[in-house]
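# everything below, folded, please.
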Amino acid sequence: MGVGYEQTFHESITDPEKFWGAAAEKVRWYQRYDRVLNSDNPPMYRWFEGGVLNSCYNALDYHVEEGRGDQIALIYDSPVTDTITTFTYGELLDLVARCAGGLQNLGVQKGDRVIIYMPMIPEAVIAMLACARIGAVHSVVFGGFAARELATRIEDARPEIIITASCGIEVNRVIPYKPLLDAALALSSHTPSQCVFVQRQELPVDLMEGRDISWDHLMDAEPAPCVPVGSTDPLYILYTSGTTGKPKGVVRDNGGHLVALVWSMEHIYGVRPGEVYWAASDIGWVVGHSYIVYGPLFYGCTTILYEGKSVGTPDPGAFWRVIAEHDVSVLFCAPTAFRAIRREDPDGLYRKKYDLSSLKMLFLAGERCDPDTLLWAEELLGIPVIDHWWQTETGWAIGADCAGLELLPIKPGSCTRPVPGYDIHVLDDTGNELPRGEIGNIVISMPLPPGCFITLWNNDADYIRTYFTAYPGYYLTSDAGYLDEDGYLWIMGRTDDIINVAGHRLSTGAMEEVLASHPDVAECAVFGVYDPVKGEVPVGFVVLKSGHDPDAEKLQAELIALVRQKIGPIASFKSVAVVQRLPKTRSGKILRGTIKRIADGVSYTVPATIDDPAILDEITLVLQRIGYPKR
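Reported below is the predicted structural model:
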C-alpha cells in the first residue's frame, strides 16, 4: 500500500507545496507552472500559476495516445428508456472533438460561458468535455430546474450558448424542457446567441427559427483540437443556493482541479485505471462533475452515467443490477439512496439475485449517514462502507477513510479522518479552539488544497465575506461537529441544525441517529422548532420500513423513550410523527430548514432544488395535526 495515512497527512500539512508539487507530476502539462502555490493575496490563493494544460486532453486524448482508445470510457445505463450504450475512449474523443468544433462554429471562444441544461444522457457529458476542450466555461443546470431559477443562472453567467434536450424522463413522467427554457429566457435580460436541442424520441419539439438548432446540426462539424488554457483559468461554474436569494456561482479552476481529482481517485477511492467506477449522482451536482465526468476519465477508469433511481426503476434491486452487469468496482452514492432501498427491501432479498463480487467498496456522501444505515449496508454487501464528507465549494472530500492509503477502522457516524490537504479545526463562536469531543464550528486552515473553489463568479467580495471573514485565516464550512480523541471527524449537521434547548446546544444529527436505530424506522429527520419557554425544542419525523405497521401511539412512546435514554431528558424530545416521505433536494438532502420554517409559522420560499414541491403541503398538514405552529 506504500506510505500510510499518518505520514501522508503530515506531509500535506507541513509542506503543501512539496506535497502537491509531487501530485502534479501525475498530470499532463503543456507548460509547467511557475510555482506550486501563490499565497501573496489571501484568501485568493492560486495553485500551479503559470502552468498551461487542457482538462479534456487529460480526460481523453492522453489515454488514446497511450494506446487505450479501445477501453470503455463511458457506460450510459438508462432503465427509464431501457437503453444501455457504451463509448470507448476513442469514440468519446471523436464525439467531443466534433461537438467542440460545432461550438466554435457557433462563435464560442475561450472564456465564453455555455449553460448545459440537460438530463442524464451522453450528450451532456460530451458537451461538458467539449467546453473544456476549447477553453469555454460550462455551467451545468439540473435538467427540469424551475424557469425562475434557470433565469437567475442565465442572468449571472451570461452564456453564449445554451445546450438542452427536448425532455427529461423519470419513472412515471416526461418533463418537457423547452417551455421551462422559453420561460427562463423571457425572464432574463440576457439572450444567448443560440439554443441547441437534443431531440429525444419520447418528446420531440418544434425548434424556434433563428434561435434554436438541433444537436445533430451542432455535431456536423470538423473535430476541434484542444485549446491550451492557464491552470488558474476557470473550467466551470456550478451554482449553489445563496443566502441572499442570488445563487452563488462556485468557480473551479483547471489545474488544481485536475491534480486534486487524480490524487483522490488513487488515494481516497483506491481504484486503478481500467476499473469501473460508478457515482450514482447527477451531473447537476458537484458529485456528477467530479466523479461521473472528470475524476474517472482523468484517471483512466470506466465511468457510468445512470438515468434512473435506486428504487422504482424498476425495483429495489436497480443498483445491484447495474453493479453486476457492468462489473462495478467502487460505488459512490448518497445515504438516502440506501435508505430508500432499505425502506423497500429491509431484508435485502433483491441483493441475493445478483453477483456483486466485483464491488470492493461503497462510499456515501451528500449528507451524514446514520450508523444504522451504514451497518445495514455493510452487512448486506460484506464490504467496507465509507461515509465521507465534502461540499460543492471543495469539489472533493474533506473527511474520508482514504482506501488507497490505508483503511482505518470505521466508526459508524464519523467520516473518519481529515483528508490529506485539509487542516481541520473546531472553534467556538468567538474563535477559540474547542477541546476534543466538543461540538463547534468546523473550519479549515488556509490555504485550501487544490481543487477547491477559487472564487464566486463575478463576486470576489461575497466569496471573501461569506467564507473567510468570520474566522480570519480559516475557511468556514458552516457545518458543525467535533474531533474525537482519535482525531476522527464527526459532522453533526449544518450549524443551523444545532439547536439551543434552554441554553443547551444539542445536535439534531445525534437525535436522528437514535431514531434511526429503531427497527421500524427507515429514515428520519429531527428539527428544532420555536418554544416560548425553552427557545427551541426538537420535533421528529420518521418514515417506516416497507411492511412495518406498528401501533402509532406505542411507536411514538418508544421513540421518545429511546431519545430520552440515549441523549437524556435535557433534549426535551416529546413530539414525533410518522410521515409517508420527507421533503428532499434532488441530491437527497433532507430540507430540515424548510420544515422548521413551516413548523414555526415563518414564511418560506420553496427551495429550487426540491424533488417534489407537493410534499410540503403534506408536511404542513402533519405539523398542524401535532400542534404546529404554536406562535
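
# what number of residues lie near the residue nearest to residue 536 when sequence neighbours are not counted?
Leaving aside its sequence neighbours, residue 536 sits nearest to residue 528 (Cβ to Cβ, 6 or more residues apart in numbering; 4.0 Å). (Each C-beta comes from the backbone N, C-alpha and C, glycine too.) Residue 528 has 24 neighbours, counted by other Cβ atoms under 10 Å.

# with residue 82 instead?
6.

# with residue 447 instead?
Neighbour tally, residue 447, other Cβ under 10 Å: 21.

# list the contacts for it?
Shown in contact with residue 447 (Cβ atoms under 8 Å, 6 or more residues apart in numbering): 16, 37, 39, 42-43, 45.

# which among the residues you listed count as buried?
Neighbour-count burial (16 or more other Cβ atoms under 10 Å) applied to these gives 16, 37, 43, 45.

# dump those residues to JSON lines, plus secondary structure, pLDDT and distance to residue 395.
As requested, those are exported to JSON lines (DSSP: H, G, I helix; E, B strand; the rest coil; pLDDT from 0 to 100; distance: Cβ to Cβ, whole Å):
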{"residue": "16", "secondary structure": "helix", "pLDDT": "98", "distance to residue 395": "17"}
{"residue": "37", "secondary structure": "strand", "pLDDT": "98", "distance to residue 395": "17"}
{"residue": "43", "secondary structure": "coil", "pLDDT": "96", "distance to residue 395": "16"}
{"residue": "45", "secondary structure": "coil", "pLDDT": "97", "distance to residue 395": "15"}
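
# picking up where we left off before, can you pull the contacts of the residue nearest to residue 536?
Counting by Cβ under 8 Å, 6+ apart, residue 528 has contacts 497, 499-501, 508, 536-539, 596.

# element containing it, please.
strand 521-531 (DSSP states H and E).

# how far off centre is that strand?
Centroid separation between strand 521-531 and its chain, computed with Cα atoms, centre = their mean, to the nearest Å, is 23 Å.

# got the buried residues for whichever helix or strand comes after it?
Per DSSP H and E, the first helix or strand lying C-terminal to strand 521-531 is strand 535-544. Within strand 535-544, the residues that count as buried by 16+ other Cβ under 10 Å are 536-544.

# which pair in the contacts of residue 447 spans the largest distance?
16 and 43 (14.9 Å; Cβ to Cβ).

# strand partners (parallel or antiparallel) of the strand holding residue 528?
Strand 521-531 sits in its sheet next to strand 535-544 (antiparallel), going by DSSP bridges.

# if we can go back for a sec, which one of the contacts of residue 447 is nearest residue 612?
Of the contacts of residue 447, the one sitting nearest to residue 612 (Cβ to Cβ) turns out to be residue 43, at 38.1 Å.

# who's in contact with that closest one?
Residue 43 neighbours (Cβ under 8 Å, 6+ apart): 446-447, 463-464, 467-468, 475.

# neighbours of the nearest residue to residue 264 once chain neighbours are set aside, how many?
The shortest distance from residue 264 to any non-neighbouring residue, by Cβ to Cβ, 6+ apart, is to residue 396 (5.0 Å). Using other Cβ under 10 Å, residue 396 is surrounded by 27 other residues.

# wait, isn't residue 142 in contact with residue 586?
Yes. Residue 142 lies in contact with residue 586 (Cβ atoms under 8 Å); the separation is 6.4 Å.

# the two - which one has more neighbours?
Between residue 142 and residue 586, residue 142 has the larger neighbour count (other Cβ under 10 Å), namely 23 against 17.

# element containing residue 76, please.
Going by DSSP H and E, residue 76 is in strand 72-78.

# residues of that strand that come out buried?
Those would be 72-78, for strand 72-78 by 16+ other Cβ under 10 Å.

# paired strands for that strand, with orientation please.
strand 83-88 (antiparallel), strand 302-306 (parallel).

# residues contacting it, please?
Residues contacting strand 72-78 (Cβ under 8 Å, 6+ apart): 60, 63, 83-89, 91-92, 120-122, 125, 169, 276, 297, 302-308, 322, 325-326.

# only whichever of these are buried, select them in ChimeraX.
Here is the ChimeraX command that selects the buried residues among the contacts of strand 72-78 (16+ other Cβ under 10 Å):
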select :60,63,87,88,89,91,92,120,121,122,125,169,276,297,302,303,304,305,306,307,308,322,326
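
# next one: stretch 272-288 to chain centre, how far?
10 Å.

# quote the end-to-end distance of that stretch.
19 Å (Cα to Cα, to the nearest Å).

# may I see the buried residues of it?
273, 275-288.

# among those, which are located in helices?
286-288 (DSSP state H).

# so can I have a markdown table of the residues you listed showing pLDDT?
As requested, those are exported to a markdown table (pLDDT from 0 to 100):
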| residue | pLDDT |
| --- | --- |
| 286 | 94 |
| 287 | 95 |
| 288 | 96 |
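
# of the residues you listed, just say which sits nearest to residue 519.
Nearest to residue 519 among these, with distances taken as Cβ to Cβ, is residue 287, at 30.9 Å.

# state the next helix or strand along the chain beyond the worst-scoring helix or strand of the chain on mean pLDDT.
Using mean pLDDT, DSSP states H and E, strand 504-507 stands out as the lowest-scoring helix or strand of the chain, at a mean of 71. Downstream of strand 504-507, the next assigned helix or strand under DSSP H and E is helix 508-516.

# and that following helix, what does it pack against?
Packing partners of helix 508-516 (3 or more Cβ pairs under 8 Å, 6 or more residues apart in numbering; DSSP states H and E): helix 371-381, strand 489-494, strand 521-531, strand 535-544, helix 552-566.

# any chance of the contacts of residue 447 in TSV, plus distance to residue 603?
Listed next are the contacts of residue 447 as TSV, based on distance: Cβ to Cβ, whole Å:
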residue	distance to residue 603
16	45
37	45
39	44
42	38
43	34
45	39
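
# just those residues now: which is nearest residue 51?
residue 37 (11.8 Å).

# now that closest one: closest residue in space, sequence neighbours ignored.
Closest to residue 37 by Cβ to Cβ, 6+ apart is residue 17, at 5.1 Å.

# so the one you found sits against residue 33, correct?
No. Counting by Cβ under 8 Å, residue 17 stays clear of residue 33, with 10.9 Å between them.

# neighbour count winner among these two?
Higher neighbour count among residue 17 and residue 33: residue 33, with 22 against 13, using other Cβ under 10 Å.

# check contacts around the more buried one.
Here residue 33 is in contact with 24, 48-51, 231, 255 (criterion: Cβ under 8 Å, 6+ apart).

# over to residue 494?
Per Cβ under 8 Å, 6+ apart, neighbours of residue 494: 478-480, 593.

# dump the residues you listed to TSV, plus secondary structure, distance to residue 134 and neighbour count.
Putting the contacts of residue 494 into TSV (DSSP: H, G, I helix; E, B strand; the rest coil; distance: Cβ to Cβ, whole Å; neighbours: other Cβ atoms under 10 Å) gives the following:
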residue	secondary structure	distance to residue 134	neighbour count
478	strand	35	17
479	strand	37	21
480	strand	42	23
593	helix	40	13
